[in-house]
Each structure stands twice: as structure tokens, then as C-alpha cells.
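Novice: Turn this into a model:
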Amino acid sequence: MSSNTINIAGNLTSDPETRFLQSGVAVTSFTVASTDRKFDRDSGAWVDGDTVFLRVSAWRKLGENVAASLRKGNAVIVTGKLKSNVVEKDGAKITYFEIDAETVGVSLANATAAITRNAPAGGASGNAQAQQASAAPAGQQYAQPQPVQQAAPVAASQPAYTGGQDF
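Specialist: Residues are numbered from 1 along each chain as shown. Sure, this is the predicted structure:
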């Protein structure tokens with residue numbers, strides 16, 4: 001059995017667009033531009049290679065979360081099913097590819113992110129205090145990162161491994 005799962009890392013070319021089907025299901029669409037970087041040995045510098053543009057569709061809650069979280073220029077990682085579509089334009093058939101997203105995440109290579117967990121569907125259950133503590137204040141779109149305190153160094157309780165014995 002073949003698999004058409006694809007992973008792509010790149011940047012959003014515009015803000016995600018959400019629409020709702022007649023059934024009430026949300027679908028959010030966006031385009032990811034992924035540019036290959038190559039090291040040019042002659043110049044000793046990194047140079048841009050070809051850019052691939054892929055349209056992505058994220059359905060239901062994933063789509064709603066994408067629309068609430070991501071903006072043009074954000075670096076993302078998308079995993080999903082690769083689909084091809086054929087349309088006819090001016091008498092010619094054109095094939096284009098898109099990803100039906102299963103997972104969308106931000107790339108933390110050059111950015112930081114604050115995670116806010118959504119309440120479970122059907123009302124609050126589980127640890128409601130923890131969910132409230134992790135939620136962004138009302139009217140604030142993104143949670144502000146909290147400063148991280150450095151832990152004091154811990155003294156080693158036993159001597160360092162000197163070799164000679166297999167564990």
C-alpha cells in the first residue's frame with residue numbers, strides 16, 4: 001500500500017482564510033512557500049534555491065486553531081496528505097497539488113511560541129484550574145511568554161564515570 005503523506009516546512013505567504021461550509025464545518029486555507037537553501041562552495045555562502053508553493057487546507061478545529069494562531073510570514077511545519085486536483089481553464093487541463101493537513105505547527109528555529117491549550121469539546125472537564133491558568137487573558141490574542149528562571153547548579157552526588165565498567 002502506498003502512502004501520500006508529505007511534510008513541508010516553510011513560511012505562510014498570506015494570512016490564513018477560513019470559510020464555513022453549509023454543514024457548519026470550518027476549512028482554513030493558506031499557502032506555504034518552502035525555499036531550498038544550498039551552500040555554494042565557490043562563494044562560501046548560503047544561497048536560495050528553488051521555491052515550492054503548496055496550498056494547504058486545514059479542517060474543523062485544526063483550521064480554526066490555524067486561523068487564530070498564524071499570520072503571514074510565520075514559519076510552519078505541515079504534515080498531511082498530498083492531493084492533486086485537475087481544473088479546466090480556457091480549454092486546457094491544469095493539475096495543481098495541495099495538502100490536506102493533519103498537523104500544523106510553528107517552526108521554532110527562529111521564533112518562540114506560547115502554547116494555550118483549548119478546553120475539551122462539550123464543556124470543561126479534567127483540571128479546570130490548570131486550563132484557566134494556561135489561557136490567555138480576555139481580549140489578548142496571544143499569551144505573553146513568561147520569563148524562565150534558571151535553576152541553581154546541582155552538585156554531583158557521585159563521582160564522574162571513569163570508564164572500565166559496562167553497565
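
Novice: drop to CA atoms for contacts and neighbour counts, all remaining ones
Specialist: Will do.

Novice: quick one: V52 from S23, how far?
Specialist: Counting by Cα to Cα, to the nearest Å, the separation of V52 from S23 is 33 Å.

Novice: likewise A119?
Specialist: Counting by Cα to Cα, the gap from A119 to S23 is 23 Å.

Novice: what does R37 give?
Specialist: When R37 is compared with S23 (using Cα to Cα), they lie 43 Å apart.

Novice: Ok, T116 next?
Specialist: Applying Cα to Cα, the value for T116 to S23 is 28 Å.

Novice: So for the two, which residue has more residues nearby?
Specialist: T116 (14 against 6; other Cα atoms under 10 Å).

Novice: and that one, that's in a helix?
Specialist: No. Per DSSP: H, G, I helix; E, B strand; the rest coil, T116 lies outside any helix segment and is coil.

Novice: pLDDT score for it?
Specialist: pLDDT, T116: 85.

Novice: Next, the contact list for the residue nearest the centre of the chain, please.
Specialist: Nearest to the centroid of the C-alpha atoms of the chain, with distances taken as Cα atoms, centre = their mean, sits G105, at 1.7 Å. Residues in contact with G105 (Cα atoms under 8 Å, 6 or more residues apart in numbering) are V76, I77, V78.
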